[in-house]
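K.L.:
Predicted coordinates and the sequence they were generated for:
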Amino acid sequence: MIEFFDRDGGEAVFCHDGHSLYLWNGKAAAFIHDDKVYAYDGRFIGWADRGWISDEDGACLLFERDAVGGPPKPQRQGNTTPGPRRPKPARAEMQQAPSRPASFAAWSHRVFSDLI
């Protein structure tokens, strides 16, 4: 299981299969397709790369333990067990992703859970 944390070090999402992202409470939130992150309604959210999930502008939203590069990572908080995985909704047609930003060295002002 891959655990992702937010800019405050809080537990945010987890992934069991390398593609499906669940909020910590177990709600299916988004999925990764070809290093792009989409909400289940097909909206493009951002990018997955080197252990980071970034927004469409390339600013970092979430990180995993072994994330490489990016802004300074906070100390991870909490050590709770994620909720049971709930069913995934059907995937809608995916929006076209914008051109990929060159780098992502700053934290986003957005919150991942607000984007889904």
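P.N.:
Received the coordinates, thanks. Numbering: from 1, shown residues only.
K.L.:
all contacts plus neighbour counts: C-alpha atoms, from now on.
P.N.:
Fine.
K.L.:
what's near enough to touch the nearest residue to residue 51 once chain neighbours are set aside?
P.N.:
In space, not counting the residues next to it along the chain, residue 51 is nearest to residue 67; the distance is 3.9 Å by Cα to Cα, 6 or more residues apart in numbering. Residue 67 is in contact with 50, 51, 52, counting by Cα atoms under 8 Å, 6 or more residues apart in numbering.
K.L.:
separation between the second one and residue 96?
P.N.:
Spelled out, it's residue 51. 23 Å (Cα to Cα, to the nearest Å).
K.L.:
swap in residue 22?
P.N.:
Look at residue 22 and residue 96: by Cα to Cα, they are 23 Å apart.
K.L.:
just residue 65 next, same as before
P.N.:
For residue 65, the distance to residue 96 equals 29 Å [Cα to Cα].
K.L.:
Give the closest residue to the residue lying farthest from the centre of the chain in space, chain neighbours not counted.
P.N.:
Most distant residue from the mean C-alpha position of the chain: residue 93, 19.2 Å away (Cα atoms, centre = their mean). Distances taken as Cα to Cα, 6+ apart put residue 42 closest to residue 93, at 5.3 Å, once the chain neighbours are dropped.
K.L.:
where are the low-confidence patches of this protein?
P.N.:
Along the chain, segments meeting pLDDT under 70 span 103.
K.L.:
List the contacts of residue 68.
P.N.:
50, 51, 52.
K.L.:
Let me know the closest of those to residue 1.
P.N.:
For the contacts of residue 68, the residue nearest residue 1 by Cα to Cα is residue 51; the value is 13.0 Å.
K.L.:
hang on, isn't that closest one packed against residue 70?
P.N.:
No: if you go by Cα atoms under 8 Å, residue 51 and residue 70 don't touch, sitting 9.5 Å apart.
K.L.:
where do the contact lists of these two overlap?
P.N.:
Counting by Cα under 8 Å, 6+ apart, no residue touches both residue 51 and residue 70.
K.L.:
Which residue, neighbours along the chain excluded, lies closest to the residue most central in space within the chain?
P.N.:
The centre of the chain sits closest to residue 53, judged by Cα atoms, centre = their mean, with a distance of 4.4 Å. Leaving aside its sequence neighbours, residue 53 sits nearest to residue 62 (Cα to Cα, 6+ apart; 5.1 Å).
K.L.:
Fine by me, thanks again.
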